[in-house]
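S.K.: Following is a predicted model, sequence given first.
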Amino acid sequence: MGTISQWSVATVSGGDFQIYDETGGVNRLYIKTDTGNVGIGTLAPERKLHVDGSALITAGGPAGNAGLEVRGSSGSWGPSVGVNNGSQEWRMASWSDNSLKFVKISGATFTPFMISNNSFQDALVLAANGVGVGIANPTANLHVSGSGLSTTLSIANTTVGGVNWTLLSLGGGTSLGEGLFQIFNPKAENEPGELTPIHGIPAISIDPKHNIALGQPFAQAKLHVFGGASTGTSLLVESNGSKDLIKATDLSSNVVRFRVDRATGSIFKTGTVSFVQAYPPDLTKQIVYISLEGPEAGTYFRGTASLVNGKAVIALPDHFSMVTNDEGVTVQLTPLGEALQLFVLEKTAKQIVVREATGKNGKFDYLVQGIRKGFENHQVIQDKLK
């Protein structure tokens, strides 16, 4: 047969009460007479119930019954539950505003986590698949879900110069564009002509068809860039790589329609370069001129000169000679008002010398053309780009 335990119930010195296990030589319960504090596993209880060791509470009945409930009067703290490892104390407290706060007590007191009294269903869910905000079954590491006009996620920096950036997903029933995803700074000022959504000016706006707008809510192209007065350059492309700065390809024909070479800055295109000007007689129409094109990178300078004693020495401007190679310079001459027997005696990118065969004087127009320096070896027939 097993040993029969011997117990004693007694009032000890100072009037304290104890239940003592005589067989095991262990105090099982101790009550301080001056405070009424009850100790289990300790002779010096510091609270109404002080357990030195582990404790287990099994909740019975319906799931709504609390296994442990702490009640108290309202106040700046209200009822709280504390955890203390001897060097750091934390408390979970019901606050006077009916919120639930997790407060660091030791050292500098602060509240790293709080649940507001007006919180919503599934405000924060920690699940196996990730963290859910507004959703019970998150499908990503961080899954934020909402309803109504918009769902927002803000990232703020409160230091001087810091900005509050907000991610916004717009719902239906709004003229701002349902289904838009936007990134914006609510305090940004409007640029002239910018459309202003309810939460501010979006830096980036993406519609359900993946069209992207920069600087306004609604994209009218796959990439729509709106540059206001304060931004200066609307689109800036910088690169130190080996590829093209810009490249536009027609996928239906697999043809590169436009590209900008990074190394030289040269522009390659399949179409023409035009300038457009209004047509005053009919404002529904316009004048479209096309740039002259050829198999070389041409330069030109033109003007009118006069013969003196049958000779004209024409100094070409420095900017022309700086960009034009001496080799390949050609000159065209057109007499004005009378027939002249003109010929070119000398031609460089710096000057041309013209003579009249009979020594006559007169006026003439001239056109000097050359090849741009650095582009003398342009190859007309090239491999097709992929």
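M.R.: Perfect, I can see it now.
S.K.: Touching, residue 132 and residue 125? I think so.
M.R.: Yes. Contact criterion CB atoms under 8 Å: residue 132 and residue 125 qualify, at 3.7 Å. (C-beta placed from N, C-alpha, C; glycine too.)
S.K.: and for these two, which residues touch both?
M.R.: Taking CB atoms under 8 Å, 6 or more residues apart in numbering as the contact rule, residue 132 and residue 125 both touch residue 138.
S.K.: Tell me which of those two has more neighbours.
M.R.: Ranked by neighbour count (other CB atoms under 10 Å), residue 132 and residue 125 place residue 132 first, with 21 against 17.
S.K.: got a list of what that one touches?
M.R.: Shown in contact with residue 132 (CB under 8 Å, 6+ apart): 122, 124-126, 138, 143, 145.
S.K.: Could you rerun that using 10 Å?
M.R.: Listed by CB atoms under 10 Å, 6 or more residues apart in numbering, the contact set of residue 132 reads 122-126, 138-140, 142-145.
S.K.: where do the strands sit along the stretch 201-350 of the chain?
M.R.: For the stretch 201-350 of the chain, applying DSSP state E, counting those that start in this stretch gives strands covering 201-206, 212-214, 223-225, 246-250, 255-260, 267-269, 274-278, 286-290, 298-306, 311-315, 330-336, 342-347.
S.K.: Deepest-packed of these, please.
M.R.: Mean neighbour count (mean count of other CB atoms under 10 Å) peaks for strand 201-206 among the strands of the stretch 201-350 of the chain, with a mean of 20.
S.K.: low pLDDT regions in the protein?
M.R.: Scanning the chain for pLDDT under 70 picks out the ranges 1-3, 59-67, 74-76, 173-177, 186-201, 228-232, 386.
S.K.: Using the record's assignment, carve it into domains.
M.R.: According to automatic domain parsing, the chain comprises the domains 7-51, 84-115, 126-225, 242-293, 298-371.
S.K.: would you list every one of the helices in the stretch 151-300 of the chain?
M.R.: For the stretch 151-300 of the chain, applying DSSP state H, counting those that start in this stretch gives no helices.
S.K.: if we can go back for a sec, neighbour-wise, give me the winner out of the contacts of residue 132.
M.R.: Going by other CB under 10 Å, residue 138 tops those with 21 neighbours.
S.K.: For it, give me its contacts.
M.R.: Residue 138 makes contact with 122, 125-132, 144-145 under the criterion CB under 10 Å, 6+ apart.
S.K.: cool, and residue 274?
M.R.: Listed by CB under 10 Å, 6+ apart, the contact set of residue 274 reads 287-291.
S.K.: Relative to residue 157, which of those residues is nearest.
M.R.: Within the contacts of residue 274, proximity to residue 157 (CB to CB) peaks at residue 291, which comes in at 49.4 Å.
S.K.: if we compare the domains of the chain, which one ends up closest to residue 385?
M.R.: For those, proximity to residue 385 was assessed by CB to CB; domain 242-293 is nearest, at 4.5 Å.
S.K.: Quick one: end-to-end distance for that closest one.
M.R.: Domain 242-293 has an end-to-end distance of 28 Å (CA to CA, to the nearest Å).
S.K.: starting at the chain centroid, how far to it?
M.R.: How far domain 242-293 lies from its chain's middle: 30 Å, per CA atoms, centre = their mean, to the nearest Å.
S.K.: try stretch 210-218
M.R.: From the chain centre to the centre of stretch 210-218 is a distance of 13 Å (CA atoms, centre = their mean).
S.K.: Including distance to residue 158, could the strands of the stretch 201-350 of the chain go into CSV?
M.R.: As requested, those are exported to CSV (distance: least, CB to CB, whole Å):
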stretch, distance to residue 158
strand 201-206, 20
strand 212-214, 27
strand 223-225, 31
strand 246-250, 39
strand 255-260, 42
strand 267-269, 47
strand 274-278, 50
strand 286-290, 53
strand 298-306, 58
strand 311-315, 66
strand 330-336, 69
strand 342-347, 71
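S.K.: Ok, which of those comes nearest residue 7?
M.R.: Of all those, it is strand 201-206 that lies closest to residue 7, at 74.7 Å by CB to CB.
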